[in-house]
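> Below: sequence and its predicted model.
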Amino acid sequence: MAPVGVLDYIITYEMVHLLHPNHSSEFWTELDEKMPNYLKVNGVKLAL
């Protein structure tokens with residue numbers, strides 16, 4: 001029932017974990033390269 005954009009983010013998040021199985025700066029950099037500024041723009045929506 002989540003919006004498609006949120007599902008895209010979750011899938012991308014998990015796929016980046018295949019490369020970086022942690023929450024290191026490399027993980028967040030890679031995720032931001034794939035989905036630039038997603039959390040800054042949509043983070044509040046994820047908490048609802």
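Perfect, thanks for sending it. Numbers count the residues shown, from 1 in each chain.

> how much space between the residue nearest to H20 when sequence neighbours are not counted and Y9?
Setting aside the residues directly before and after it, H20 is nearest to F27 in space (Cβ to Cβ, 6 or more residues apart in numbering), at 3.8 Å. No exception for glycine: its C-beta is placed from N, CA and C like everyone else's. Taking Cβ to Cβ, to the nearest Å as the measure, F27 falls 14 Å from Y9.

> residues of stretch 11-18 that come out buried?
Residues of stretch 11-18 classed as buried: V16 (neighbour count, 16 or more other Cβ atoms under 10 Å).

> For that stretch, the averaged confidence score.
For stretch 11-18, mean pLDDT rounds to 96.

> contacting residues around it?
Identification of contacts with stretch 11-18 by Cβ atoms under 8 Å, 6 or more residues apart in numbering yields F27, E30, L31, K34, M35.

> Show me which of those residues are buried.
When burial is judged by neighbour count using 16+ other Cβ under 10 Å, the buried members of the contacts of stretch 11-18 are F27, E30, L31, M35.

> So for the last one, what's the pLDDT?
When you say that, I think you mean M35. pLDDT, M35: 93.
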